[in-house]
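Visitor: build me a structure from this.
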Amino acid sequence: MSIYVGNLSYDVTQDDLTQTFAEYGTVKRVQLPTDRETGRMRGFAFVEMGTDAEEATAIEALDGAEWMGRDLKVNKAKPREERKPAGGNWGDNNRSSRRY
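Guide: Numbers count the residues shown, from 1 in each chain. Presented below is the predicted three-dimensional model:
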């Protein structure tokens, strides 16, 4: 499982997050999603810790904490939802949905 970290400064780096979360245990991975068009960070991240206990400790300590001028939103990440392709029925081979 991973931790969702929201309301981040757009200036935050992977190293910043790694250092902060390392205070609560082993940081296995940090993901900082960026906008496809602008390349700019999107203001949230995902952090994976070594154990569930370390994740729980980090969430408890950092949720609502002020960091880099922002009040962090930190909680367990929800599983990613499957998204349907945009653009109508493109690629949909289900003939029952087509109109003739």
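
Visitor: A61 is in contact with Y24, isn't it?
Guide: Yes - if you go by C-beta atoms under 8 Å, A61 and Y24 touch, sitting 6.2 Å apart. Yep, even glycine has a C-beta here, placed from its N, CA and C like the rest.

Visitor: more neighbours, these two?
Guide: The residue with more neighbours, out of A61 and Y24, is Y24; 21 against 14, by other C-beta atoms under 10 Å.

Visitor: okay, now the unreliable bits of the chain?
Guide: 85-100 (pLDDT under 70).

Visitor: show me the longest helix that occurs in it.
Guide: Scanning the chain for the helix with the most residues, using DSSP state H, yields helix 52-62.

Visitor: so what strands line up beside the following helix or strand past it?
Guide: With elements assigned by DSSP states H and E, the helix or strand that comes after helix 52-62 is strand 66-67. Using DSSP bridges, the strands paired with strand 66-67 are strand 70-71 (antiparallel).

Visitor: thinking again about what came up before, give the buried residues for the longest helix of the chain.
Guide: Across helix 52-62, burial judged by 16 or more other C-beta atoms under 10 Å covers 54-55, 57-59, 62.

Visitor: reformat the residues you listed as a markdown table; add distance to L72.
Guide: Shown next, in a markdown table, are the buried residues of helix 52-62 (distance: C-beta to C-beta, whole Å):
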| residue | distance to L72 |
| --- | --- |
| E54 | 17 |
| E55 | 15 |
| T57 | 15 |
| A58 | 11 |
| I59 | 10 |
| L62 | 5 |
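
Visitor: may I have the beta-bridge partners of K73?
Guide: Beta-bridge partners recorded for K73 (DSSP bridges): G6.

Visitor: residue contacts, it?
Guide: By C-beta atoms under 8 Å, 6 or more residues apart in numbering, the residues touching K73 are 4-7, 63-64.

Visitor: among the residues you listed, which one has the most neighbours?
Guide: Within the contacts of K73, most neighbours by other C-beta under 10 Å means V5, with 28 neighbours.

Visitor: the residue lying closest to it once chain neighbours are set aside sits in which helix or strand?
Guide: Nearest residue to V5 in three dimensions, chain neighbours excluded: A45, at 4.7 Å (C-beta to C-beta, 6 or more residues apart in numbering). Assigned by DSSP H and E, A45 falls within strand 44-49.
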